[in-house]
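Q: Need coordinates for the below:
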Amino acid sequence: MSFASIAPTRFFSAVVLTAAALLTGCAAPRTYDYTRFNEAKPRSILVLPPVNQSVDIKATYSLLSHSSKPLAEAGYYVLPVALVDETFRENGLSQADDIHAVDLKKLNEIFGADAVLYLTVKRYGSTYYVFGSATVVEAQARLVDARSGALLWDGTASASSEEGKSNNNGLVGMLITAALQQIISTVNDQSHEIAGIAGHRLLSVRAGNGILPGPRYPMASK
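A: Numbering: from 1, shown residues only. Model prediction:
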């Protein structure tokens with residue numbers, strides 16, 4: 001057998017093995033290191049008003065209003081966000097950036113929570129393009145031990161109004177759908193609803209890299 005007949009076979013095998021390795025690497029889910037989380041075992045969480053990096057001023061309190069429910073369902077006691085917000089205002093703090101800069105020891109002294117949740121809104125609102133529009137909300141979270149300052153967990157989640165939709169109506173149908181979507185988006189802002197979905201994804205117990213179940217989680221006692 002000649003060298004010419006062997007080389008293509010070896011080359012093809014190498015390509016297949018390389019592709020398989022790349023696909024395996026891409027398919028591997030991110031596994032979070034929960035060592036500090038398990039050591040801290042937080043029972044109560046103080047949620048700070050989210051820092052808003054979007055252009056919509058409603059983003060902060062929209063996401064904040066959706067934060068307590070998933071955390072409570074995850075098994076944690078969440079300090080009432082309205083009372084927390086009022087406490088900050090009474091002390092001259094109304095901007096989320098300023099609140100996030102408050103010393104951790106001071107937060108622990110005033111509120112006494114086991115952990116502090118820092119939220120950031122990365123995207124919030126509708127984006128318009130040629131064949132339609134999409135309302136997108138993206139948020140990040142960091143859970144910090146209120147006593148030591150150690151990072152216990154962090155995560156990112158997003159939601160879009162375009163999820164699950166397909167464009168199989170042809171060019172004319174897509175243009176008509178786009179026009180209708182823009183009219184609906186202008187009349188009825190979906191951002192708050194989409195923020196609820198993103199907040200639930202971000203702060204709910206989920207496999208792989210989600211927040212861990214708290215002491216009051218239904219499955220914790222089983």
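Q: how about the strands of this structure, start to end?
A: Along the chain, counting by DSSP state E, strands occupy 44-47, 51-52, 77-78, 115-129, 132-145, 151-160.
Q: right, and these - which one's nearest Ser204?
A: Smallest distance to Ser204 across these (Cβ to Cβ): 9.0 Å, for strand 151-160. For glycine as for every other residue, the C-beta is placed from the backbone atoms N, C-alpha and C.
Q: Please produce TSV containing the strands of the chain, extended by mean pLDDT and distance to Asn38.
A: What follows is those, written out as TSV (pLDDT from 0 to 100; distance: least, Cβ to Cβ, whole Å):
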stretch	mean pLDDT	distance to Asn38
strand 44-47	98	16
strand 51-52	98	28
strand 77-78	98	19
strand 115-129	89	13
strand 132-145	91	12
strand 151-160	95	9
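Q: In TSV: those strands, plus mean neighbour count and distance to Leu93.
A: Shown next, in TSV, are the strands of the chain (neighbours: other Cβ atoms under 10 Å; distance: least, Cβ to Cβ, whole Å):
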stretch	mean neighbour count	distance to Leu93
strand 44-47	22	14
strand 51-52	20	13
strand 77-78	18	20
strand 115-129	20	14
strand 132-145	22	18
strand 151-160	18	23
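Q: Would you mind giving the ones you listed as a markdown table with distance to Ala59 added?
A: A markdown table is the format used below for the strands of the chain (distance: least, Cβ to Cβ, whole Å):
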| stretch | distance to Ala59 |
| --- | --- |
| strand 44-47 | 15 |
| strand 51-52 | 5 |
| strand 77-78 | 20 |
| strand 115-129 | 4 |
| strand 132-145 | 8 |
| strand 151-160 | 13 |
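Q: how about Ala101, what does it touch?
A: With contact set as Cβ atoms under 8 Å, 6 or more residues apart in numbering, Ala101 has no partners.
Q: what are the phi and psi angles of it?
A: phi -90, psi -10 (degrees, to the nearest 10).
Q: what's the pLDDT at it?
A: Here, the pLDDT recorded for Ala101 equals 97.
Q: same check, this time on Pro42
A: With respect to pLDDT, Pro42 has a value of 97.
Q: and it, what does it touch?
A: Pro42 is in contact with Tyr76, Ala113, Asp114, Ala115, Leu143, Asp145, Leu152, Gly214, counting by Cβ under 8 Å, 6+ apart.
Q: And for Leu46, nearest residue in space, chain neighbours not counted?
A: Ala113 (3.8 Å; Cβ to Cβ, 6 or more residues apart in numbering).
Q: Touching, that neighbour and Leu48? I think so.
A: No - between Ala113 and Leu48 there is no contact, the gap being 10.5 Å when judged by Cβ atoms under 8 Å.
Q: so what's the spatially most central residue of the chain bridging to?
A: Centroid-nearest residue in the chain, with Cα atoms, centre = their mean: Ala157, separated by 2.6 Å. Following DSSP bridges, Ala157 is listed with bridge partners Ala139.
Q: Please report how far it lies from Leu83.
A: 26 Å (Cβ to Cβ, to the nearest Å).
Q: what does Gly75 give?
A: In terms of Cβ to Cβ, Gly75 sits 21 Å off from Leu83.
Q: And Lys105, by the same measure?
A: Applying Cβ to Cβ to Lys105 and Leu83 gives a distance of 21 Å.
Q: cool, and Asn52?
A: 21 Å.
Q: who wins for proximity to Asn209 among the strands of the chain?
A: Comparing the strands of the chain by Cβ to Cβ, strand 151-160 comes nearest, at 6.1 Å.
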